[in-house]
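*Asks:* Here is a sequence with its predicted model. Questions after.
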Number of protein chains: 2
Amino acid sequence: MATIKDVARAAGVAPSTVSYVLSGSRKISAETRVAVQAAIEELGYHPNAGARSLRSTRTNVIALALPLPSRGYLPVGGRFTYGLGEAAGEHGYDLLLITAAGGGSRGPGLERVARSRLADAAVLMGVEMEDPRIGAMRALGFPVAVLGRPADESAAPWADLDWEEAAAASVRTLHDAGHRRICYLATVEDDIRSRRSYSVRGIDGADRIAAELGAQIPVCPSSGDPEELRRRLDALFDAERPPTALAVQHPAAIPGILRHLAGRGLQVPRDVSLVAIGNFPEDLGGLDVTRIELPVQEMSAAVTRLAVAAIEGAGDPGPAARSSAGHVLIPPRITRGGTVAPAP
Amino acid sequence: MATIKDVARAAGVAPSTVSYVLSGSRKISAETRVAVQAAIEELGYHPNAGARSLRSTRTNVIALALPLPSRGYLPVGGRFTYGLGEAAGEHGYDLLLITAAGGGSRGPGLERVARSRLADAAVLMGVEMEDPRIGAMRALGFPVAVLGRPADESAAPWADLDWEEAAAASVRTLHDAGHRRICYLATVEDDIRSRRSYSVRGIDGADRIAAELGAQIPVCPSSGDPEELRRRLDALFDAERPPTALAVQHPAAIPGILRHLAGRGLQVPRDVSLVAIGNFPEDLGGLDVTRIELPVQEMSAAVTRLAVAAIEGAGDPGPAARSSAGHVLIPPRITRGGTVAPAP
DNA sequence: CTGAAAGCGCTTACAG
DNA sequence: CTGAAAGCGCTTACAG
């Protein structure tokens, strides 16, 4: 593999000149610049990443700390990897994956990556309301950006769909259609128990809109086990005053829920209206559901921008600048489908 | 951040001794080993990745070259990232993502990563029968392992589900149930046109079993556009002699296909039998479909093992050893569900 | 406008 | 059993 010395020799200049041509941080005569670029092209030269990062303390890599997939959920993390990879690429960064379990025998991935300077920053996914990773990374002086909205909003820059408003808007849509017996089917209980931020925020939004409307909006956790979920639906619809509408924050379950309702002889939307919250377009496989989709591209772009800003601002500005770093709350957009009808 | 010098000072030894404790490549007295390990623990020391890779020409990173998601398919690449990340971790490697488009302004990702030694090897996904990436990496002396089964089977180590046999077994299952009008619904046409290996292998398997059974098994490409797919299904079932059974290699489309058949008044399996090929468990969202699932863990583990072997054997053994490197063909396992019944 | 030199933090022959 | 020294390939003050 060609080194900077090879390029320098081929171009008849000093290695440092090659470096300056590459970084553009010095004025170079057109003549030598052209010669250097020709040599680079000719030799297929790319700077050695290890040497560059050793010298410059920049790796041009962003680490992605994936959550473990919750039982019964699609591995949401995987769906973000494209969006994040592309966003990172646009800023000149590559993306290094860290699975929560990962690291093998080398210890917990995130801390190892931070300490060994394998990356310049980390994007944290599947964040919990009180997430220990944020404090840990801050203690190491390692920049992070959070995909999600933790309780302490000033602890780190973050970007998220506004799940509170998404839940509220879904319920409001159903309420506006005249429904008075609305049930909020929340995320799977594993996620609620571990206080994943989108779970908690969604439930908070349902509670908030209930208070606002002066309505009772019971919240029911979903289950990753399809059979268990069906039992809960049965319990709900076997009750004396069954709901006429559902707001559902468990995207992967939507097709199964629709099938189960049909199996009970309940037609959607004639007998039951439904709004889905936070699904990927593909989750529904062509089903025409009224929904709030997860804006993967927007979220990926936003959190990447924050990570890059955190890298570039690291050290320089005071802690004040770092904490008010930037918060991006993406407003939910509701897509009208065929699953909401006026209350019977 | 602590360096090897800090550790050496704290432990009262030379930096080289710390290095030897870390690598285990030299006998160290128990006393000094303990002292060094205590200092490492104390200081939270992790070796700087850049320095280490510069010196040792090993990064302990495997690059993952993702395919662009085909239109209408779930981003299959994302589903593999967990499996590959964990497998890599078990071998002491991290995973660096390269999206096909990726690299931003820095040029095509894979070649850049190879040339700059950001990784020790690459795993190639979404491979085509004649995939130019394989030759390109070979020319650079950069080890690869392929997730898929390209035409030139000796060009690189590869691991794949045996799609030919998967297709054949699916058709055979339907034939055994007495069906004589079986249609093979292949992958989306984009994938067929670009000759993605699983597309081609699947169709080859259908053709092979047709010849074997002396039967006509028409092959119909699927479509990423749900509406277009419905039109094709209509054309199929409006024909004079409509199929009584489908083998479907387009996992994401299964729920939509079942709904569309139901919409036409066709009951599965009473009127039409169906076998799904290559789906993830979550694709079906609880549907009880006779199917051959994609063995993500097995495939991930196998291709990672091949990548690691390619790294460790790089340079050392002759080209003979490299080309016969190792091919893992995973036999399909059929899971009986409720979508196959005897022919009417 | 360009070059020579130091040094980033490691690993690994070389020496004892 | 341990240490001193060279050097991996870059970047960036320092010098002209």
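*Replies:* It's in.
*Asks:* From here on, just use CA atoms for contacts and neighbour counts.
*Replies:* Noted.
*Asks:* Give the ranges of residues in chain A that sit below the confidence cut-off.
*Replies:* Across chain A, the ranges flagged by pLDDT under 70 are A:68-75, A:100-107, A:314-325.
*Asks:* switch the cut-off to 50
*Replies:* Applying pLDDT under 50 to chain A flags the ranges A:72-73, A:317, A:320-323.
*Asks:* Show me what from it comes close to DNA strand D.
*Replies:* A:2-5, A:15-17, A:19-20, A:22-23, A:46-48, A:51-52, A:54-56 (Cα under 7 Å from any atom of the strand).
*Asks:* Which of the residues you listed fall within helices?
*Replies:* Mapping these onto helices (DSSP state H) picks out A:4-5, A:15-17, A:19-20, A:22-23, A:51-52, A:54-56.
*Asks:* Need the buried ones from those residues selected in ChimeraX.
*Replies:* To isolate the buried ones among these in ChimeraX, judged by 16 or more other Cα atoms under 10 Å in any protein chain shown, type:
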select /A:4,15,17,19,22,51,52,54
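*Asks:* and the ones in helices among the residues of chain A next to DNA strand D near DNA strand C, which?
*Replies:* Okay, of those touching DNA strand C (Cα under 7 Å from any atom of the strand), that's A:15-17, A:51, A:54-55.
*Asks:* Quick check: the two most widely separated of the residues you listed?
*Replies:* Using Cα to Cα, the two most remote members of these are A:T17 and A:L54, lying 19.3 Å apart.
*Asks:* in chain A, which spans are helices?
*Replies:* Under DSSP H, chain A gives helices at A:4-11, A:15-23, A:30-43, A:49-56, A:76-90, A:109-115, A:132-139, A:163-176, A:189-193, A:197-213, A:226-238, A:254-263, A:296-313, A:319-323.
*Asks:* Stretch A:332-340 close to chain B?
*Replies:* No: between stretch A:332-340 and chain B, judged by Cα under 8 Å from any Cα of the partner chain, nothing touches; the nearest distance is 15.4 Å.
*Asks:* ok, and what's touching that stretch?
*Replies:* Applying Cα atoms under 8 Å, 6 or more residues apart in numbering or on different chains, the external contacts of stretch A:332-340 come out as A:161-163, A:165-166, A:169-170, A:174, A:177, A:268-269, A:272-275, A:288-293.
*Asks:* what pairs with the residue nearest the centre of chain A across the strands?
*Replies:* Centroid-nearest residue in chain A: A:L147, 4.3 Å away (criterion: Cα atoms, centre = their mean). For A:L147, the beta-bridge partners under DSSP bridges are A:A159.
*Asks:* what about it, distance to chain B?
*Replies:* A:L147 is 17 Å from chain B, where distance means Cα to the nearest Cα, to the nearest Å.
*Asks:* Please name the residues that touch that residue.
*Replies:* Residues near A:L147 by Cα under 8 Å, 6+ apart: A:123-127, A:158-160, A:299, A:303.
*Asks:* hmm, try it at 7 Å
*Replies:* Contacts for A:L147 (Cα atoms under 7 Å, 6 or more residues apart in numbering or on different chains) come out as A:123-125, A:158-160, A:303.
*Asks:* Quickly list the domain ranges of chain A.
*Replies:* A:4-47, A:61-161+A:296-330, A:163-294 (automatic domain parsing).
*Asks:* With B:A65 as the reference, name the closest of the ones you listed.
*Replies:* Between B:A65 and the domains of chain A, the tightest spacing by Cα to Cα is seen for domain A:61-161+A:296-330, at 11.2 Å.
*Asks:* Check the offset of the closest one from the chain's centre.
*Replies:* Here domain A:61-161+A:296-330 shows a centroid-to-chain-centroid distance of 9 Å under the convention Cα atoms, centre = their mean, to the nearest Å.
*Asks:* Next: stretch A:278-292.
*Replies:* In terms of Cα atoms, centre = their mean, the centre of stretch A:278-292 is found 18 Å from the chain centre.
*Asks:* Mind putting the helices of chain A into TSV with distance to chain B?
*Replies:* Below are the helices of chain A laid out as TSV (distance: least, Cα to the nearest Cα, whole Å):
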stretch	distance to chain B
helix A:4-11	12
helix A:15-23	12
helix A:30-43	11
helix A:49-56	4
helix A:76-90	4
helix A:109-115	6
helix A:132-139	11
helix A:163-176	23
helix A:189-193	18
helix A:197-213	21
helix A:226-238	6
helix A:254-263	6
helix A:296-313	13
helix A:319-323	19
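*Asks:* Can I get those helices in CSV including distance to B:D207?
*Replies:* What follows is the helices of chain A, written out as CSV (distance: least, Cα to Cα, whole Å):
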stretch, distance to B:D207
helix A:4-11, 53
helix A:15-23, 54
helix A:30-43, 47
helix A:49-56, 48
helix A:76-90, 34
helix A:109-115, 47
helix A:132-139, 53
helix A:163-176, 49
helix A:189-193, 46
helix A:197-213, 48
helix A:226-238, 37
helix A:254-263, 34
helix A:296-313, 40
helix A:319-323, 62
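*Asks:* DNA strand C contacts on the stretch 51-200 of chain A?
*Replies:* By the rule Cα under 7 Å from any atom of the strand, the part of the stretch 51-200 of chain A lying against DNA strand C is A:51, A:54-55.
*Asks:* Distance to B:R181 for those - can I get that in JSON lines?
*Replies:* Below are these laid out as JSON lines (distance: Cα to Cα, whole Å):
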{"residue": "A:A51", "distance to B:R181": "63"}
{"residue": "A:L54", "distance to B:R181": "65"}
{"residue": "A:R55", "distance to B:R181": "67"}
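*Asks:* of all those, which comes closest to B:Q249?
*Replies:* Using Cα to Cα, these come closest to B:Q249 at A:A51, 46.3 Å.
*Asks:* Leaving out sequence neighbours, find the closest residue to whichever residue of the stretch 101-250 of chain A sits closest to DNA strand C.
*Replies:* Residue nearest to DNA strand C within the stretch 101-250 of chain A: A:S116 (7.4 Å; Cα to the nearest atom of the strand). Spatially, and ignoring its direct neighbours in sequence, A:S116 is nearest to B:N48 (4.5 Å; Cα to Cα, 6 or more residues apart in numbering or on different chains).
*Asks:* any idea how far B:V61 is from the one you found?
*Replies:* From B:N48 across to B:V61, the span is 14 Å (Cα to Cα, to the nearest Å).
*Asks:* Please apply the same query to A:D160.
*Replies:* Distance from A:D160 to B:V61, by Cα to Cα: 30 Å.
*Asks:* So for the two, which sits in the more crowded spot?
*Replies:* A:D160 (25 against 22; other Cα atoms under 10 Å in any protein chain shown).
*Asks:* Might one say that the more buried one is in contact with A:E153?
*Replies:* No: between A:D160 and A:E153 there is no contact under Cα atoms under 7 Å: 11.5 Å.
*Asks:* Can you tell me how far the closest residue to A:G135 other than its chain neighbours is from A:R79?
*Replies:* Distances taken as Cα to Cα, 6+ apart put A:A155 closest to A:G135, at 7.8 Å, once the chain neighbours are dropped. Distance of A:A155 to A:R79, given as Cα to Cα: 26 Å.
*Asks:* do you know how far the closest residue to A:S194 other than its chain neighbours is from A:G224?
*Replies:* Spatial nearest neighbour of A:S194, excluding adjacent residues (Cα to Cα, 6+ apart): A:E128 at 6.8 Å. Noted for A:E128: a distance of 19 Å to A:G224, by Cα to Cα.
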